[in-house]
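J.: the amino acid sequence is not available; the structure is as follows:
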Ligand code: FAD
């Protein structure tokens, strides 16, 4: 069989990292990324992109922890390299604060991030409305730089990238041997997944270079995440809303909530508003499927539905998707050598 041709649909953090893992796992493959939007116009570009996992009720905790650990280890190595600034990856320390002590004082990811510990009484004085807190150091990806860095790495390995809206995965049959579906919320239409729904998020990106630590309210709704250039202030979680238009009332509400956690933000400048749709479902869809039309087959690997935590687990799920692609190729190669006998 000639070099197997793999199409990855999607150029958000999931599509690009999956394409990279496929190149690393199956170097003999010819990989193409097809997407109707590239950075800076994807959901991934809107994200705060902090490595703090969100629990997926439909996925075993040890699997989520493994995905998170693989992602953390991968990005930690980048943060420790000469490429850190170009890739937009940096370590960041801060606090997660609670009005009441949480049920689970040690989240499953507490031994993956660095230096996780309860906050001291002295530290809690910074947050007079909160009674409990956790301090730790984690990683943050700045987007678009991280997506552009992934694109650059892909191009350097010969991966082709085309702007193309895929109406039906079957349209790729004939051109490609394996198709990988990393369409994010687009999978709702592309494969008719009714279990996939948007959770709308509105955030503000502001200039406030004096804010150096992250602050996250334990309910996950209000957060201040400093990046290399801008600070992301959040947020909202509106289940089922498909609106990409910023809401001015919500902008004011987010700003006021963040200022109550960090009053110095009243001096923030150059405020821009962004909206994204988190591709949410009970669990990430990470599986093989063989589409059939008559006697014709098209192997597909799905990797979408990362909800509110796609950055936190992207490398772990990309590695697993690449392993599934390798299985599809091995099956095709077995079939073609049997056919020759
Ligand atoms: P996307 O980035 O949406 O990419 C999907 C790609 O598929 C795009 O290129 C799109 O054009 C393409 N596509 C779709 N349909 C088609 C089609 N039919 N044909 C061709 N191409 C198609 N996660 C964290 O881990 N930490 C955070 O701090 C964090 N903060 C967030 C804050 C907000 C406000 C939001 C909205 C999300 C946040 N997330 C966070 C979640 C994270 O952004 C998502 O989980 C992640 O970006 C999903 O990536 P994706 O590649 O699956 O989707």
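T.: Everything's here; your move. Quick caveat, the model's predicted, so the values are computed rather than measured. Numbers count the residues shown, from 1 in each chain.
J.: interface residues of the stretch 151-300 of the chain facing the ligand?
T.: With C-beta under 6 Å from any ligand atom as the criterion, the stretch 151-300 of the chain comes near the ligand at residues 165-166, 182-186, 190, 201, 203, 235, 276, 278-279. (C-beta placed from N, C-alpha, C; glycine too.)
J.: what segments of this protein are helices?
T.: 13-25, 43-46, 61-79, 84-87, 121-124, 145-156, 187-190, 248-261, 310-340 (DSSP state H).
J.: a markdown table please, covering those and showing mean neighbour count.
T.: Formatted as a markdown table, the helices of the chain follow (neighbours: other C-beta atoms under 10 Å):
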| stretch | mean neighbour count |
| --- | --- |
| helix 13-25 | 26 |
| helix 43-46 | 24 |
| helix 61-79 | 18 |
| helix 84-87 | 16 |
| helix 121-124 | 11 |
| helix 145-156 | 19 |
| helix 187-190 | 18 |
| helix 248-261 | 16 |
| helix 310-340 | 20 |
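J.: show me where the stretch 101-250 of the chain has strands.
T.: Under the criterion DSSP state E, counting those that start in this stretch, the stretch 101-250 of the chain contains strands at 114-118, 132-141, 160-163, 178-181, 197-207, 214-217, 223-226, 231-234, 238-239.
J.: direction included, what does the last one pair up with?
T.: In the sheet containing strand 238-239, the strands it pairs with under DSSP bridges are strand 197-207 (antiparallel).
J.: now the strand it pairs with: buried residues?
T.: Within strand 197-207, the residues that count as buried by 16 or more other C-beta atoms under 10 Å are 197-206.
J.: now do the same contact list for residue 21.
T.: Contact analysis of residue 21 by C-beta atoms under 8 Å, 6 or more residues apart in numbering lists 315, 318-319, 321-322.
J.: ok, of those residues, which one's closest to residue 284?
T.: When the contacts of residue 21 are ranked by distance to residue 284 (C-beta to C-beta), residue 321 comes first, at 9.8 Å.
J.: low-confidence stretches in the chain?
T.: When residues are selected by pLDDT under 70, those of the chain lie in 1, 335-341.
J.: how far does stretch 122-137 sit from the chain's center?
T.: Distance of stretch 122-137 from the chain centroid (C-alpha atoms, centre = their mean, to the nearest Å) equals 28 Å.
J.: ditto for stretch 290-309
T.: For stretch 290-309, the separation from the chain centroid amounts to 19 Å (computed by C-alpha atoms, centre = their mean).
J.: re the thing from before, farthest-separated two in the residues of the stretch 151-300 of the chain next to the ligand?
T.: Spatially, the most separated pair among those is 166 and 235, at 30.1 Å (C-beta to C-beta).
J.: more crowded one of those two?
T.: residue 235 (22 against 19; other C-beta atoms under 10 Å).
J.: how about CSV for the residues of the stretch 151-300 of the chain next to the ligand, with distance to residue 114 added?
T.: Converted to CSV, these look like this (distance: C-beta to C-beta, whole Å):
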residue, distance to residue 114
165, 41
166, 40
182, 29
183, 34
184, 29
185, 32
186, 35
190, 38
201, 26
203, 25
235, 24
276, 28
278, 26
279, 29
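J.: CSV for the helices of the chain, including distance to residue 269?
T.: Output for the helices of the chain, formatted as CSV (distance: least, C-beta to C-beta, whole Å):
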stretch, distance to residue 269
helix 13-25, 28
helix 43-46, 20
helix 61-79, 28
helix 84-87, 23
helix 121-124, 28
helix 145-156, 21
helix 187-190, 37
helix 248-261, 12
helix 310-340, 26
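J.: so the closest residue to residue 228 other than its chain neighbours versus residue 134, what's the distance?
T.: In space, and not counting its chain neighbours, residue 228 is closest to residue 142: 5.0 Å by C-beta to C-beta, 6 or more residues apart in numbering. Separation of residue 142 from residue 134 (C-beta to C-beta, to the nearest Å) stands at 24 Å.
J.: contacts only, for the residue in the stretch 151-300 of the chain that the ligand sits nearest to.
T.: Residue nearest to the ligand within the stretch 151-300 of the chain (C-beta to the nearest ligand atom): residue 186, separated by 2.1 Å. For residue 186, the contacting residues are 10, 36, by C-beta under 8 Å, 6+ apart.
J.: give me that answer again for 10 Å
T.: 9-10, 12, 35-37, 42-43, 165-166, 196, 277, 279, 304 (C-beta atoms under 10 Å, 6 or more residues apart in numbering).
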